[in-house]
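*Asks:* Fold the following.
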Amino acid sequence: GEVYDYAEIGRLGNVTRARVTQIMNLLMLAPDIQEEILFLPRVTGGRDPIHLQQLQSITLTPDWRKQRKMWSEIVSFCHFRDARSR
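*Replies:* Residues are numbered from 1 along each chain as shown. Prediction:
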């Protein structure tokens, strides 16, 4: 079906319109960054090392080269467990 606006999507998904906006902003990320996020190792304990607020700051930058630099800075501070050790 079709939805009228983000508020309607929020109601259907039981989240706020603001949260839908935050999620939809992720579509502004360079495709390779989106792919990397999708394939990050699963967090099985503790907090996720990547936070939405960090990603939102990247989405405000339209230049994908600059986005990639910002992303690499975020990732360099994260310690991901080796996905093969699962």
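*Asks:* Tell me where the model's unsure across the protein.
*Replies:* Residues of the chain meeting the criterion pLDDT under 70: 79-86.
*Asks:* make it 90
*Replies:* 1-3, 40-49, 51, 76-86 (pLDDT under 90).
*Asks:* sec struct for Gly41, please.
*Replies:* If you look again at residue 41, you'll see it is Pro, not Gly. Counting by DSSP: H, G, I helix; E, B strand; the rest coil, the backbone at Pro41 sits in coil.
*Asks:* what about it, distance to Cys78?
*Replies:* Separation of Pro41 from Cys78 (C-beta to C-beta, to the nearest Å): 10 Å. C-betas here are computed from N, CA, C, even on glycine.
*Asks:* Find residues that contact each of these two.
*Replies:* Residues touching both Pro41 and Cys78 (C-beta atoms under 8 Å, 6 or more residues apart in numbering): there are none.
*Asks:* Give me the distance between Leu29 and Arg19.
*Replies:* 17 Å.
*Asks:* In terms of neighbours, single out the busier of those two.
*Replies:* Between Leu29 and Arg19, Leu29 has the larger neighbour count (other C-beta atoms under 10 Å), namely 20 against 15.
*Asks:* Quick check: the more buried one touching Gln54?
*Replies:* No: using C-beta atoms under 8 Å as the test, Leu29 is too far from Gln54 to be in contact (11.5 Å).
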